[in-house]
Every structure is written in C-alpha cells, then in structure tokens.
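Chemist: coords please:
(chains A and B)
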Amino acid sequence: KNQVEQSPQSLIILEGKNCTLQCNYTVSPFSNLRWYKQDTGRGPVSLTIMTFSENTKSNGRYTATLDADTKQSSLHITASQLSDSASYICVVSGSTTSGTYKYIFGTGTRLKVLA
Amino acid sequence: GAGVSQSPSNKVTEKGKDVELRCDPISGHTALYWYRQSLGQGLEFLIYFQGNSAPDKSGLPSDRFSAERTGGSVSTLTIQRTQQEDSAVYLCASSLVRVANTEAFFGQGTRLTVV
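Modeler: Prediction:
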C-alpha cells in the first residue's frame, strides 16, 4: 500500500536553532517528492521538489534530502525563525500503470518556533 | 481561475444540519483531492477524483460524507447530519496527472465549525 509517514508529529524549538523533519514513504513507482509549508489559516505551498536522481536541494534556510534507496527524505531548517512556525507536509508522487501521476500526502509535522 | 478556489472560507452550522463545501480546481487539472485537518491533527485523506475514473472514496469516514465532481471540474463535498467531530478545515487540491514533476496546488480551505 502506498503510504507516506512523517515524524515527529509535532516539534517545538527555540528561535535560531536548527531542526530536521523526517519523511518515509512506500510509494512505488516513485516519481518525485515535495515538501510543502502550510502557514496557519492557509493552504499548503510547495517549498521544494526532489526527483529520483537528486540527493539534496536547498531553498534558502531549507534543505531537503532524498535517499531513494531507503525511501527516506528529510527537511532541515537552519537558524529557525518565528515565521517558520507552520505545518510541513511531505507529498510523494507515484506513477500508475495507466501513465498518470497520483499524489500521496503525509499527515504533516507541526513546527512551533518560540522566541 | 488562477488557483484552486474553495467556498465558503468559513462555515458555522448547527449539529444535524447538512453542509456543502465547494472546490473549483485549476482549469485543466483532472485530478482533485479532498483532505481534512482536525484541530491539532494532520492531513486526513477523504476522496480522490481522476478524470472519468471511479473516484477513490476509501478515506470517507462515514456514509454521511459524499462528494461529486460534475463535468470533470467543480467538486462538492457534502456532509449530512453534521456532528461536532466533523469540525475541521477541509482542503481541496488539484493537479495534472499526465505530467511528471508537476505540483499539486491547494485551496485555502473551508473551516467548518459544528455547534
């Protein structure tokens, strides 16, 4: 069964600290993996996309890694800011036998950054 | 429209009443997803539409929940005889299905409160 699991479910850190969020998936065949950020009261917005051949990708203070062999991804946030407080959702796209692509969404990690 | 549009943005209803939530996906997106987020919880899959295929209803929590997608575009999620545990943010997302590495776009969500 295609699944995406994220950990931790929630996380509280102090401003300026680093943190790492984890995503494990069983989606196969794999197409790509995206990390989304969802601010309170808003819909999720894509932060970064990882394809099969990519191991790491950065977007400012956000760095995503992908290990396609172990089917794991991580999102590392450096020097956290109060504005990083949000839910982070891992979304994996898998290809189907009919040639289409379907998204499997993780449940998300809720991050709270405290001053 | 330019993005996924959901309406209403907020809905307060009395327990036992029926509600309809609307999602207007991005034009040309054949895939449409409904998810919900209860307070403090992660994303919970509800239903998935893809073109003319039979929808994946495996996430609907009870027979009080139903959804349809007319003409392959607008979707309506209906909750009958609402209960307090139905209170949540209901998110809709749409995507292309025959293009690899494309993005699933989310609406802003409908916040449903059952009193």
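Chemist: tell me, how many neighbours does B:Pro8 end up with?
Modeler: 13 (other Cβ atoms under 10 Å in any protein chain shown). Bear in mind the C-beta positions are built from the backbone N, C-alpha and C, glycine included.
Chemist: next, work out how far apart the residue in chain B positioned nearest to chain A and B:Gly51 are.
Modeler: Nearest residue of chain B to chain A: B:Gly42, at 2.8 Å (Cβ to the nearest Cβ). Between B:Gly42 and B:Gly51 the computed distance is 28 Å (Cβ to Cβ, to the nearest Å).
Chemist: these two: who's more crowded?
Modeler: Higher neighbour count among B:Gly42 and B:Gly51: B:Gly42, with 18 against 13, using other Cβ under 10 Å.
Chemist: for the more buried one, give me its contacts.
Modeler: With contact set as Cβ atoms under 8 Å, 6 or more residues apart in numbering or on different chains, B:Gly42 has these partners: A:Gln6, A:Gln9, A:Ser87, A:Ile89, A:Gly106, A:Thr107, A:Gly108, A:Arg110.
Chemist: can you check the pLDDT for the second one?
Modeler: Per-residue confidence (pLDDT) for A:Gln9: 92.
Chemist: mind checking pLDDT for the closest residue to it other than its chain neighbours?
Modeler: Spatial nearest neighbour of A:Gln9, chain neighbours left out: A:Thr109 (6.6 Å); criterion: Cβ to Cβ, 6 or more residues apart in numbering or on different chains. With respect to pLDDT, A:Thr109 scores 95.
Chemist: for A:Thr109, what are its contacts?
Modeler: A:Gln6, A:Ser7, A:Pro8, A:Gln9, A:Ser10, A:Leu11, A:Leu21, A:Ser87, A:Tyr88.
Chemist: do that again at 7 Å, thanks
Modeler: A:Gln6, A:Pro8, A:Gln9, A:Ser10, A:Leu11, A:Leu21, A:Ser87, A:Tyr88 (Cβ atoms under 7 Å, 6 or more residues apart in numbering or on different chains).
Chemist: any chance of the residues you listed in TSV, plus secondary structure and distance to B:Ala100?
Modeler: Converted to TSV, the contacts of A:Thr109 look like this (DSSP: H, G, I helix; E, B strand; the rest coil; distance: Cβ to Cβ, whole Å):
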residue	secondary structure	distance to B:Ala100
A:Gln6	strand	23
A:Pro8	coil	31
A:Gln9	coil	30
A:Ser10	strand	33
A:Leu11	strand	32
A:Leu21	strand	25
A:Ser87	strand	26
A:Tyr88	strand	23
